[in-house]
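*Asks:* Sequence first, predicted coordinates after that:
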Amino acid sequence: MENVDRVLVRDVGAVALASGVVGVSFGALAVAAGMSVWMALFMSVVVFAGGAQFVVVGMVAAGGSPVAAVLAGLLLNARHLPFGLAVADLLGKRWPTRLLGAHLMVDESVAFALSQREPGRRRAAYWLCGGMLFVGWNTGVVLGGWAGRVVGSSESLGLDAAFPACMVALLLPSLLPPREQDAEAGARERAAKARKVALVGALIALVLTPWLPMGLPVILSILAVGVALR
Amino acid sequence: MTLLPILVLALGTYGFRVAGPLLSERLKLSARVQERMALATIAMLAALVATSTLLVQGGFAGWARPAGVLVGAVLACLRLPFIGVVIAAAASAAGLRLLGVP
């Protein structure tokens, strides 16, 4: 617990609140698409991946086949496999915590963990973010299912810009050279490598997105590791 | 939406999530491979930022969203507190939309 400070709680709380509001939009959409509030909540609890949930419910509501919709959702979520290799050591040694921790693996919890330097703080950031997002997202879905149209769309609130900006802020500590004069020599080199990989990865995904099914371009951005290390 | 597709999506997603921790247990990844995995994570998060900033369903997302993200990114580079970055990005995008920018 000594690794959880007020700044971390405040930052994670802001993201959890934003994700709660997006959850309100999902709840409203799901109910408008004919799902019951409880079915929408059940989906959010067991899937816990906002992007895929929007895609699957949207595709089925638009008359698409459920099989195609689920395949699209699974492809979108396949990035959790490489994420899991990167955060495996944060999930603990015991099986129950490891199995629970795996379910809390979302883009934000991975990014929050990545933004911390010290192992204890990485673990704290991962669990705090995953846990608070789980509560925020599912609470939002229920509220949205009951009274979705009361709140404006998450786009009119600018939340579609808030999430990429949050990711940028979380990525920066890995990308910027350390400010401290006495930083270890390798740190500067690591940050330069990370910048190259981030840039090439972003370009790969942007170029491929119009041509490939959703989800695949983000996974293929991993190729940037090989390209940028040449 | 019936129960079956939701369960398949949930089980498949959890499978992806739990595969990494299971595999890393078996494989005992070397420090070199672990460094590569950290870089791969950075590549994927950067790819998510780029695509979710600029594109909606394969087409351009409009100007308000990338402008909001840019405001947030500049403030983050100036080392403004995280919460300020997130609020400024949302407020800029929402404000531009109020002014009629798509």
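*Replies:* Nice, I can see it.
*Asks:* Apart from its neighbours in sequence, what residue is nearest residue A:98?
*Replies:* residue A:91 (4.5 Å; CB to CB, 6 or more residues apart in numbering or on different chains). From N, CA and C alone the C-beta is placed, and that goes for glycine too.
*Asks:* Quick one: neighbours of that neighbour, just the number.
*Replies:* 26 (other CB atoms under 10 Å in any protein chain shown).
*Asks:* To which secondary structure element is residue 13 assigned?
*Replies:* In the absence of a named chain, this looks at chain A. Using DSSP states H and E, the element containing residue A:13 is helix A:6-32.
*Asks:* wrong chain, I was asking about chain B
*Replies:* Per DSSP H and E: helix B:3-27 holds residue B:13.
*Asks:* Quick check: which helices or strands does that helix pack against?
*Replies:* Secondary-structure packing of helix B:3-27 (3 or more CB pairs under 8 Å, 6 or more residues apart in numbering or on different chains; DSSP states H and E): helix A:37-47, helix A:50-61, helix A:66-77, helix A:80-87, helix A:95-103.
*Asks:* what's near enough to touch the residue nearest to residue A:98?
*Replies:* Listed by CB atoms under 8 Å, 6 or more residues apart in numbering or on different chains, the contact partners of residue A:91 are A:97, A:98, A:101, A:102, A:126, B:21.
*Asks:* filter the residues you listed to the buried ones?
*Replies:* Buried by 16 or more other CB atoms under 10 Å in any protein chain shown: A:98, A:101, A:102, A:126, B:21, out of the contacts of residue A:91.
*Asks:* correct me, but the second one touches residue A:92?
*Replies:* Yes - under the criterion of CB atoms under 8 Å, residue A:101 lies in contact with residue A:92, with a separation of 6.3 Å.
*Asks:* now the residue in chain A positioned nearest to chain B, nearest residue through space, not along the chain?
*Replies:* Proximity of chain A to chain B (CB to the nearest CB) peaks at residue A:84, 1.8 Å away. Spatially, and ignoring its direct neighbours in sequence, residue A:84 is nearest to residue B:20 (1.8 Å; CB to CB, 6+ apart).
*Asks:* how distant is the helix or strand that contains residue A:140 from the center of its chain?
*Replies:* Counting by DSSP H and E, the element that carries residue A:140 is helix A:119-147. Put simply, helix A:119-147 sits 11 Å off its chain's centre (CA atoms, centre = their mean, to the nearest Å).
*Asks:* Next up, the contacts around the closest residue to chain A within chain B.
*Replies:* As assessed by CB to the nearest CB, chain A sits closest to residue B:20 within chain B, at 1.8 Å. Applying CB under 8 Å, 6+ apart, we find residue B:20 in contact with A:80, A:81, A:82, A:83, A:84, A:85, A:86, A:87, A:88, A:102.
*Asks:* switch to 10 Å and redo it
*Replies:* Contacts here follow CB atoms under 10 Å, 6 or more residues apart in numbering or on different chains; on that basis residue B:20 touches A:80-88, A:91, A:102, A:105, B:37.
*Asks:* before we move on, what about residue A:217?
*Replies:* A:201, A:204-211, B:47-48, B:50-51, B:55.
*Asks:* Make CSV out of these and add pLDDT.
*Replies:* Putting those into CSV (pLDDT from 0 to 100) gives the following:
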residue, pLDDT
A:201, 97
A:204, 97
A:205, 96
A:206, 96
A:207, 96
A:208, 96
A:209, 93
A:210, 91
A:211, 91
B:47, 96
B:48, 96
B:50, 96
B:51, 95
B:55, 93
